[in-house]
Structures are given as C-alpha cells and as structure tokens.
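Novice: Sequence below, structure please.
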Amino acid sequence: MKRVLAAVAVTFTMAAPALADPVLGVWKTQVDDGHYAHVTFSKCGGEKICGVISKAFDASGEITTPNIGKRLVWDMQAQGDGYYKNGTIWQPSTGKEFSSKMTMSGNSLKVSGCVALFCKKQTWTRVK
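Specialist: Sure thing, here's the model as predicted:
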C-alpha cells in the first residue's frame with residue numbers, strides 16, 4: 001500500500017509542472033483610446049507568461065492593425081493564488097512600457113502598469 005501511495009505522489013509531483021497556468025488563454029482588455037484587444041496568454045521563457053495581441057477592435061467591430069501579433073505583456077511570473085508580478089506591459093496608444101502585475105479571480109483579470117508613482121489599471125475579462 002505504501003508503494004502505491006508513493007507512486008501516486010510521484011506521479012502528481014511530476015505532472016504538476018505540466019498543468020496549465022489558469023491565466024493562459026484569451027482575455028478581452030478594457031477600451032483604451034477607443035480600442036480594445038483580445039490578448040492571448042501563453043508560456044514564454046520557461047515559467048514566464050507573455051500575452052500577445054491576437055485581435056483588435058474599435059466601436060465598429062474587429063479591425064486590422066499592425067499591433068496584431070505584438071507582445072502586450074511579457075516576463076510575468078506566477079506567484080500563486082492568481083497573483084502575477086515582475087512583468088512588463090506595453091500601451092499601444094502611447095508606445096510606453098510599464099512595470100506590471102496582475103491578479104486573477106475567476107474570469108476577471110486586474111492588470112496594472114506603473115512607472116514611478118504613476119499607475120494605470122484595467123480589468124480584463126476572459127474570452128476563452
């Protein structure tokens with residue numbers, strides 16, 4: 001019996017790194033300067049998480065923009081319990097980059113980007 005329990009424990013321990021991070025998938029940003037995007041999060045650089053603009057929209061619907069395929073969030077590090085830090089976020093409307101962190105709760109993702117004491121915050125919603 002002890003061998004069976006040990007085998008089960010080893011199996012779960014080895015499988016844990018392969019489990020998908022809950023933030024992975026597609027998220028809809030809030031409107032910024034009349035536009036919003038779908039951002040697809042995936043693993044990058046080992047255990048880090050990056051988000052790429054997969055679709056862009058304005059008030060009339062989906063649009064074509066050179067920003068599609070560009071990184072919006074990179075080098076985010078999972079801290080557990082839906083908290084991520086040490087990332088960078090790019091604001092397409094200004095071209096500026098900000099230090100970033102995120103907090104996920106269910107289908108809601110609170111994203112913030114800061115330079116010194118100046119911070120911008122958005123709440124994104126899960127698409128899939």
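Novice: and the next element down the chain from the lowest-mean-pLDDT helix or strand in the chain?
Specialist: Ranking every helix and strand in the chain by mean pLDDT, DSSP states H and E puts helix 2-15 at the bottom, with a mean of 39. Sequence order places strand 25-28 as the next helix or strand after helix 2-15, per DSSP states H and E.
Novice: List the contacts of the helix or strand where Lys121 lies.
Specialist: If you go by DSSP H and E, Lys121 is part of strand 118-126. Strand 118-126 has contacts (Cβ atoms under 8 Å, 6 or more residues apart in numbering) with 25-30, 32, 39, 91, 98, 107-114. Just so you know, the C-beta spots here come from the backbone N, C-alpha and C atoms, and that holds for glycine as well.
Novice: 10 Å instead, please
Specialist: 22-23, 25-32, 36-39, 51, 89, 91, 94, 96, 98-114 (Cβ atoms under 10 Å, 6 or more residues apart in numbering).
Novice: ditto for stretch 28-36
Specialist: The contact list for stretch 28-36 (Cβ under 10 Å, 6+ apart) reads 37-39, 51, 53, 55-59, 63, 65, 67, 72, 91-94, 109, 111, 120-127.
Novice: what about burial for those residues, which qualify?
Specialist: For the contacts of stretch 28-36, a burial check counting by 16 or more other Cβ atoms under 10 Å picks out 37-39, 51, 53, 55-57, 65, 67, 72, 92, 109, 111, 120, 124.
Novice: Strands - which of these land there?
Specialist: 37-39, 51, 53, 55-57, 72, 109, 111, 120, 124 (DSSP state E).
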